[in-house]
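In: The sequence isn't on hand, but the structure is:
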């Protein structure tokens, strides 16, 4: 593993730097001497961001769900600031609500922000990285891209999607000197469960016993989670400096414990149903190469 204190200066593009992980990532990169272009959604936030490090912190007004604006803005950034060495796809939000009670439009908006927006930014930076034969793409997913909990189906679905896209992309661009990592945090002390979460209304009493305690517990835990975004930011710098970063990286004890338990249960379920799973091929075709 390469030392994260490497003095090589890079240009980062980090989406969603106004708070939470995005702000912690940006502050850590700036403190390490890098240049950071950060997307924000208001002029006031832009001005505040640029005061963090004059000349090295550049704010850009961009809502990543405005897909047609992403490419031109990235091109403008590269003309004005220089090639983007590191993309950190951080912008996004959480959605809470049972599937039956959550409007379909809320699913579309969740995927627009957490999946389509992230891919739009990837597609904008990728040609330059490919031509230069170097680059780092770090997609902030979630332990919810591996495990699920009642009431966050839309969110988990979006993070499962980004995990899968990241893994495929990593295989597609590895030969170009581009490394892709899906960074999957557990519960961290950000605004995710607070002001950044969209909550669907309740309308079906049958879900009260299951879901009401979950919603209440999440609200009570907000702001008291074990995960420290500043420590996550130091891990991000290690990933950027490492010559062979992982494709998937969990962050937090809860993420490691819950995902390991999920994998253990999945292995047991596969073993239990293995004979049925193997019974669906044409007779005599097992073991033959297509």
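Out: Nice, I can see it. Values in this document were obtained by computation on a predicted structure and should not be read as measured data.

In: how far away is the most centrally placed residue in the chain from residue 37?
Out: With distances taken as C-alpha atoms, centre = their mean, residue 140 lies nearest the centre of the chain, 1.9 Å away. Residue 140 is 16 Å from residue 37, where distance means C-beta to C-beta, to the nearest Å. Backbone N, C-alpha and C define where each C-beta goes, glycine included.

In: before we move on, what about residue 115?
Out: The value you get for residue 115 to residue 37, if C-beta to C-beta is used, is 22 Å.

In: OK, contacts around residue 11?
Out: Listed by C-beta atoms under 8 Å, 6 or more residues apart in numbering, the contact partners of residue 11 are 34-37, 81-86.

In: follow-up on the earlier one: I'd like to know how many residues surround the nearest residue to the residue nearest to the centre of the chain once chain neighbours are set aside.
Out: Closest residue to residue 140 apart from its sequence neighbours, by C-beta to C-beta, 6 or more residues apart in numbering: residue 90 at 4.7 Å. Residue 90: 25 surrounding residues under other C-beta atoms under 10 Å.

In: which stretches of the stretch 101-250 of the chain form helices?
Out: 104-111, 117-132, 153-173, 208-221, 229-241 (DSSP state H, counting those that start in this stretch).

In: can you redo those as JSON lines with mean pLDDT and mean neighbour count?
Out: What follows is the helices of the stretch 101-250 of the chain, written out as JSON lines (pLDDT from 0 to 100; neighbours: other C-beta atoms under 10 Å):
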{"stretch": "helix 104-111", "mean pLDDT": "98", "mean neighbour count": "15"}
{"stretch": "helix 117-132", "mean pLDDT": "98", "mean neighbour count": "19"}
{"stretch": "helix 153-173", "mean pLDDT": "98", "mean neighbour count": "19"}
{"stretch": "helix 208-221", "mean pLDDT": "85", "mean neighbour count": "13"}
{"stretch": "helix 229-241", "mean pLDDT": "96", "mean neighbour count": "19"}
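
In: Any chance of these in a markdown table with distance to residue 280 as columns?
Out: As requested, the helices of the stretch 101-250 of the chain are exported to a markdown table (distance: least, C-beta to C-beta, whole Å):
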| stretch | distance to residue 280 |
| --- | --- |
| helix 104-111 | 31 |
| helix 117-132 | 33 |
| helix 153-173 | 23 |
| helix 208-221 | 34 |
| helix 229-241 | 40 |
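
In: Now do the contacts for residue 208.
Out: Contacts for residue 208 were tallied using C-beta under 8 Å, 6+ apart; they are residue 202.

In: how close does it sit to residue 165?
Out: Per C-beta to C-beta, residue 208 is found 36 Å from residue 165.

In: Likewise for residue 42?
Out: Separation of residue 42 from residue 165 (C-beta to C-beta) stands at 29 Å.

In: Can you report how many residues neighbour residue 248?
Out: Neighbours around residue 248, by other C-beta under 10 Å: 17.

In: What of residue 260?
Out: Count around residue 260 with other C-beta under 10 Å applied: 13.

In: quick one: secondary structure of it?
Out: With DSSP: H, G, I helix; E, B strand; the rest coil as the basis, residue 260 sits in helix.

In: Give me the local confidence score for it.
Out: Per-residue pLDDT puts residue 260 at 98.

In: The one 5 residues further on too?
Out: Predicted confidence (pLDDT) at residue 265: the value is 98.

In: returning to what we had before: find the pair from the contacts of residue 11 with maximum spatial separation.
Out: 36 and 83 (14.1 Å; C-beta to C-beta).

In: Comparing these two, which residue is more hemmed in?
Out: Taking other C-beta under 10 Å, residue 36 and residue 83 do not tie; residue 36 has more neighbours (29 against 15).

In: thinking that one is in contact with residue 22, fair?
Out: No - Residue 36 is beyond contact range of residue 22, at 10.0 Å (criterion: C-beta atoms under 8 Å).

In: Need the overlap of contacts for those two.
Out: Counting by C-beta under 8 Å, 6+ apart, the common neighbours of residue 36 and residue 22 are residue 14.

In: My guess is residue 149 contacts residue 143. True?
Out: No - taking contacts as C-beta under 8 Å, residue 149 lies outside contact range of residue 143: 9.6 Å.

In: who has more neighbours, the two?
Out: residue 143 (24 against 14).

In: where does that one land on pLDDT?
Out: pLDDT, read off for residue 143, is 96.

In: now swap in residue 76 and tell me
Out: Reading off the confidence values, residue 76 has pLDDT 97.
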